[in-house]
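Student: Turn this into a structure:
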Amino acid sequence: MQSIASQFLGLKRDYDRDGVPLVEVREIVSYCIELLFSSTSIESYGILDDKEYVVFTSGENKSRPVRKSIFYPSPEIFQNQWDLLVKELSRGDLNLELKSDDINATLYTAIMSFSACFDIWKSKSRKTPGTFFEIILGSLLTLVLPDHKRGKHIALPSFGEQVTTDIVFDNGSSGLAIPVKITTRERVVQPYAQQRILDSVFGVGRYKSVLLCVSETQRDDTKKGVNNICVPGTLKLYQAHLSSLSGLYYLDPPLRYLNPDVTDLVPVGDYGDFFKYELKKLLSS
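Tutor: Below is the predicted model:
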């Protein structure tokens, strides 16, 4: 883990200097996958919404639940799919030939392998997986938004304040505010409140917010199972009465959020949907 932590600090420094450390991400994730499959046991944690979950264990330490069908079991598979994704995004036109499921599985494997390693061997570093996820998404989106400036802050004229979120892309006339959460839990109010401020200051449409998450799953050791922590009622109230997000995307979408009562109010999908179809619509609207 010392090697992983050291590599992470290096790629974070690069990213913070406006870099795109995608080669370094590939190396770290490949090592994490190898470490998990060589140094842990894998426990089945049951089925939720027809999806099978496993947990990596080492001694008494356990990872968060991992959806088995979209987690690549070898570094070689991940490396091949990662290289294809980076190559396609590097064209900058968002006309991706990769299958939606492959895009989603590649990104899921990237963040969950890293997160699982930190769960088991460096559990006190709670914020590090979220930062790594932010770096992955910010770097990939930089490839397809070359005419946008990447940052974290949106200055509010006349107020002397700023809205801060995980990733901001702005080309001077339009912008994307992108909160990045591994899970939302009660924090789902944050992007809605920020969007309300942006709409009030700049007018509706100047900035659009897209919430990018991993899942809403939680390990339940009492029954050796997996729970979904969902707040569909709260989500619908915020979308209808507080502000409007332009999309909510998960690597492992909760089935409850894919029901029409939610999707009729806000687009919900996975990252294959986002990169292949929805991002282009957002940029052109």
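
Student: Can you list the buried residues in the one helix or strand in the chain whose mean pLDDT sits lowest?
Tutor: In the chain, no helix or strand scores lower on mean pLDDT, DSSP states H and E than helix 279-284, which sits at a mean of 91. By neighbour count with 16 or more other C-beta atoms under 10 Å, helix 279-284 contains the buried residues Leu279, Lys280, Leu282, Leu283. Where you see a C-beta, it was placed from the backbone N, CA and C, and this is true even at glycine.

Student: now swap in stretch 69-78 and tell me
Tutor: For stretch 69-78, the neighbour count (16+ other C-beta under 10 Å) marks Ile70, Phe71, Tyr72, Pro75, Phe78 as buried.

Student: is it possible to export those to JSON lines including distance to Asp221, secondary structure and pLDDT?
Tutor: Below are the buried residues of stretch 69-78 laid out as JSON lines (distance: C-beta to C-beta, whole Å; DSSP: H, G, I helix; E, B strand; the rest coil; pLDDT from 0 to 100):
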{"residue": "Ile70", "distance to Asp221": "23", "secondary structure": "helix", "pLDDT": "98"}
{"residue": "Phe71", "distance to Asp221": "20", "secondary structure": "coil", "pLDDT": "98"}
{"residue": "Tyr72", "distance to Asp221": "26", "secondary structure": "coil", "pLDDT": "98"}
{"residue": "Pro75", "distance to Asp221": "29", "secondary structure": "helix", "pLDDT": "98"}
{"residue": "Phe78", "distance to Asp221": "28", "secondary structure": "helix", "pLDDT": "98"}
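
Student: Got phi/psi on the residue nearest in space to the middle of the chain?
Tutor: Within the chain, one residue has its C-alpha closest to the average C-alpha position: by C-alpha atoms, centre = their mean, that is Cys213, at 4.2 Å. The phi and psi torsions at Cys213 (degrees, to the nearest 10) take the values phi -130, psi 170.

Student: Likewise for Leu98?
Tutor: Torsion angles, degrees, to the nearest 10, at Leu98: phi -60, psi 150.

Student: can you start the count at 667 instead of 1 from here on
Tutor: Let's use 667 as the start, then, which means that last one is Leu764.

Student: That one against Val752, yeah?
Tutor: No: look at Leu764 against Val752 with C-beta atoms under 8 Å: they stay out of range, at 10.7 Å.

Student: circling back to that earlier point, ok, which pair from the buried residues of helix 945-950 is furthest apart?
Tutor: Maximum pairwise distance among the buried residues of helix 945-950 (C-beta to C-beta): 7.3 Å, between Lys946 and Leu948.

Student: quick one on the thing from earlier: which other residues reach the least confident helix or strand of the chain?
Tutor: For helix 945-950, the surrounding residues in contact (C-beta atoms under 8 Å, 6 or more residues apart in numbering) are Leu760, Val810, Leu811, Leu842, Lys874, Val876, Ser912, Gly913.
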